[in-house]
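In: this one's sequence-less:
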């Protein structure tokens with residue numbers, strides 16, 4: 001039979017000295033100052049001229065089946081990129097545009113013309 005094996009004993013690892021932290025190596029005056037936050041952003045006159053005008057009018061389109069792609073194309077052609085905002089939420093389109101769209105214009109975007 002096999003005799004019971006005795007557990008092997010490993011030599012103990014030598015203890016390493018603790019390394020001093022940076023604060024112990026340097027005086028506080030020798031450490032770099034804490035980082036300061038960047039200055040607040042202020043828009044200059046040049047930057048405001050480059051940005052498109054913010055759409056002024058809000059038009060809510062509801063109770064319609066709208067072809068979203070046609071409406072987007074129309075807004076791009078009529079107002080230009082960045083001069084309108086279109087959002088769909090809770091079965092309503094929220095359209096921020098420089099000028100409101102009339103009823104005849106909205107009719108051309110209906111999916112079901114009855």
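Out: Structure received. Since the structure is predicted, the reported quantities are computational estimates derived from the model, not experimental observations. Residues are numbered from 1 along each chain as shown.
In: Give me the longest helix you can find in the protein.
Out: Taking DSSP state H as the criterion, the chain has its longest helix at helix 68-79.
In: Can you point out the buried residues in it?
Out: 71, 74, 75, 79 (16 or more other CB atoms under 10 Å). Every C-beta, even on glycine, is put in place using the N, C-alpha and C of the backbone.
In: which other helices and strands contact it?
Out: Counting contacts by 3 or more CB pairs under 8 Å, 6 or more residues apart in numbering; DSSP states H and E, helix 68-79 is packed against strand 85-89, strand 92-97.
In: now the helices for the protein?
Out: Using DSSP H, helices in the chain cover 22-25, 45-50, 68-79, 103-107.
In: Comparing those helices, which yields the minimum mean pLDDT?
Out: Of all these, mean pLDDT reaches its minimum on helix 45-50 (a mean of 46).
In: Looks like residue 96 contacts residue 83 (just checking).
Out: No. At 9.4 Å, residue 96 does not count as touching residue 83 under the criterion of CB atoms under 8 Å.
In: How about the contacts made by residue 106?
Out: With contact set as CB atoms under 8 Å, 6 or more residues apart in numbering, residue 106 has these partners: 61, 64.
In: low pLDDT regions in this structure?
Out: Applying pLDDT under 70 to the chain flags residues 1-4, 16-55, 113-114.
In: ok, of the buried residues of helix 68-79, which one's closest to residue 56?
Out: Nearest to residue 56, judged by CB to CB, of these is residue 79 at 11.3 Å.
In: wait, isn't that closest one in contact with residue 95?
Out: No. Residue 79 is beyond contact range of residue 95, at 9.9 Å (criterion: CB under 8 Å).
In: Deepest-packed of the helices and strands packed on helix 68-79, please.
Out: strand 92-97 (a mean of 17; mean count of other CB atoms under 10 Å).
In: List the neighbouring strands of that one plus their orientation.
Out: As defined by DSSP bridges, the strand partners of strand 92-97 come to strand 57-62 (antiparallel), strand 85-89 (antiparallel).
In: Make JSON lines from those strands and add distance to residue 11 to it.
Out: Listed next are the strands paired with strand 92-97 as JSON lines, based on distance: least, CB to CB, whole Å:
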{"stretch": "strand 57-62", "distance to residue 11": "79"}
{"stretch": "strand 85-89", "distance to residue 11": "71"}
